[in-house]
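Enquirer: With the sequence up front, the predicted model follows.
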Amino acid sequence: MVLYGVAALAVCMLTGTLVGEYLGEALGVDANVGGVGFAMIMLVFATHWLRQKGKFPEASEQGVLFWSAMYIPIVIAMASTQNVYKAVTGGPMALLAGFVALVAGFALVPVIARIGGKGEPLPPLSDAGAEAAESATEKQGA
């Protein structure tokens, strides 16, 4: 079952890479444009949909969680293969794309913050520490 989670990740990664390659071609850039990002977005939506349908058991989720822990090193390795200096000196497109992504990120913070319902706030640190100490004392007495 873990294999199914890894397979879902692989399908999303391949699809995202293809989308990134085609987007790069459409923009006239000789690079993959956002392939890993598209893959992660597809993975989030796919796993959410499969969980709602009850077709993504806990064991399959473990396959995705394993590779989630590897996500940052993989992205760093992929980004290191791209020539950032050439992209920046080659024209304003890289700077414009970065600026648009920055503005979109700031604009979407309030939208994303509204997703979901209101939750209970975390207890103050002093209360949490006192509760943990009481819990530990009760366990020692039992």
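Expert: Nice, I can see it.

Enquirer: Was I right to think residue 64 contacts residue 40?
Expert: No: with contact defined as CB atoms under 8 Å, residue 64 does not count as touching residue 40 (10.8 Å). C-beta: built from backbone N, CA, C; applies to glycine.

Enquirer: Where is the longest helix in this structure?
Expert: Ranked by residue count and defined by DSSP state H, the top helix of the chain is helix 2-27.

Enquirer: If you count neighbours, what's buried in that one?
Expert: Of all the residues in helix 2-27, those buried under the rule 16 or more other CB atoms under 10 Å are 4-5, 8-9, 12-13, 15-17, 19-20, 23-24.

Enquirer: which one of those sits closest to residue 122?
Expert: Minimum distance to residue 122 across the buried residues of helix 2-27 is 30.4 Å, recorded for residue 5 (CB to CB).

Enquirer: Leaving out chain neighbours, which residue sits closest to the closest one?
Expert: Leaving aside its chain neighbours, residue 5 sits nearest to residue 63 (2.5 Å; criterion: CB to CB, 6 or more residues apart in numbering).

Enquirer: What strand or helix carries the one you found?
Expert: helix 58-69 (DSSP states H and E).

Enquirer: Quick one: residues in contact with that helix.
Expert: 1-9, 43, 47 (CB atoms under 8 Å, 6 or more residues apart in numbering).

Enquirer: ok, now stretch 108-115?
Expert: Residues from elsewhere that reach stretch 108-115 (CB under 8 Å, 6+ apart): none.
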